[in-house]
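Asks: missing the sequence, but the structure's below:
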């Protein structure tokens, strides 16, 4: 069964827009994670960025305490983050490239260039019982380098597929170019003993086309789910507020 890991970063983004630096606030990404678990999600993903723009340290520690499924910590391969992961002990880390000015992760890791450093991090994580995934583009050289690092997983960056997706691809007899790249990448990774996850830009429209990609274990999806939750739940939230206001003494 294809598993779902829900990325709760965007819940924290909404909180930090009003409560940044306050140590509290709403919406609570940990509460959101528990709702996702109760709805059937098999994992929770949170990206602790170096600049702490959304998820905060307190969030990941609380997540480690309360969630019952699988905690996936997205992180840059820096000494600070490696140290936090070794203390936190998530079930798995996903190492991603990180740039200060980006709104969201914009591309895959250059594993070829950073193979030695990533191999060292993999060794440390494995010794601590933590699995490792590398977030990469669907490129043969990057997949082969990922296998050499000792990582158990790769997460295929589906951003280019999502950007170029059209509804016509759902009915097409053969995959489009970006989808075909993902298909071939998954086949190669599987042949090298890597397990294959995927994520970035996936939504309710383009996800069915991804069924053409073999050997997928888990999809990590955040923005689209949080967006759908806002629109689907907005009416109920307004009605609840109006009900509270109805108690105002005349």
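Replies: That came through fine. Treat the numbers as computed from the prediction; the structure is a model and nothing was measured.
Asks: Please count neighbours and contacts with C-alpha atoms only from this point.
Replies: Fine.
Asks: need the helix or strand of the chain with the lowest average pLDDT.
Replies: Ranked by mean pLDDT, DSSP states H and E, the weakest helix or strand in the chain is helix 168-171, scoring a mean of 64.
Asks: quick one: buried residues of the helix or strand just after it?
Replies: Once helix 168-171 ends, the next helix or strand along the chain (criterion: DSSP states H and E) is helix 177-191. Residues of helix 177-191 classed as buried: 178-190 (neighbour count, 16 or more other Cα atoms under 10 Å).
Asks: Closest one to residue 149 out of the residues you listed, please.
Replies: Nearest to residue 149 out of the buried residues of helix 177-191 is residue 189 (Cα to Cα; 13.0 Å).
Asks: ok, that closest one - contacts?
Replies: Residues in contact with residue 189, defined by Cα atoms under 8 Å, 6 or more residues apart in numbering, are 143-144, 147, 154, 195-196.
Asks: Closest one of the residues you listed to residue 80?
Replies: Using Cα to Cα, the contacts of residue 189 come closest to residue 80 at residue 154, 22.2 Å.
Asks: Quick check: neighbours of the helix or strand encompassing that closest one in the sheet, parallel or antiparallel?
Replies: Secondary structure from DSSP H and E places residue 154 in strand 153-157. If you go by DSSP bridges, strand 153-157 pairs up with strand 131-136 (parallel), strand 195-199 (parallel).
Asks: Next, format those strands as JSON lines and append distance to residue 118 and mean pLDDT.
Replies: Output for the strands paired with strand 153-157, formatted as JSON lines (distance: least, Cα to Cα, whole Å; pLDDT from 0 to 100):
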{"stretch": "strand 131-136", "distance to residue 118": "9", "mean pLDDT": "98"}
{"stretch": "strand 195-199", "distance to residue 118": "17", "mean pLDDT": "98"}
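Asks: Give me whichever of those is most buried.
Replies: strand 131-136 (a mean of 26; mean count of other Cα atoms under 10 Å).
Asks: mind checking how far it is from the chain centre?
Replies: From the chain centre to the centre of strand 131-136 is a distance of 11 Å (Cα atoms, centre = their mean, to the nearest Å).
Asks: Residue 1: neighbouring residues, count only.
Replies: A count of nearby residues for residue 1, using other Cα atoms under 10 Å, gives 6.
Asks: Actually, residue 227.
Replies: Neighbours of residue 227 (other Cα under 10 Å): 14.
Asks: okay, it: pLDDT?
Replies: Note on residue 227: pLDDT of 94.
Asks: 43 is where my numbering starts, stick with that
Replies: All set: I'll call the first residue 43, so the last point we hit is now residue 269.
Asks: measure it to residue 67 for me?
Replies: 19 Å (Cα to Cα, to the nearest Å).
Asks: for residue 138, same thing?
Replies: 27 Å.
Asks: now do residue 231
Replies: The gap separating residue 231 from residue 67 is 42 Å, by Cα to Cα.
Asks: OK, contacts around residue 44?
Replies: Residue 44 neighbours (Cα under 8 Å, 6+ apart): 258-261.
Asks: what do you get for residue 241?
Replies: 197-201, 261-263 are the contacts of residue 241 under Cα under 8 Å, 6+ apart.
Asks: By neighbour count, which of those wins?
Replies: Within the contacts of residue 241, neighbour counts (other Cα under 10 Å) peak at residue 197, which reaches 28 neighbours.
Asks: What is the subsequent helix or strand relative to the helix or strand containing residue 106?
Replies: With secondary structure defined by DSSP H and E, residue 106 is part of helix 99-108. Using DSSP H and E, the next helix or strand after helix 99-108 towards the C-terminus is strand 113-117.
Asks: List the contacts of that next one.
Replies: By Cα under 8 Å, 6+ apart, the residues outside strand 113-117 that reach it are 85-91, 105-106, 123, 127, 132-138.
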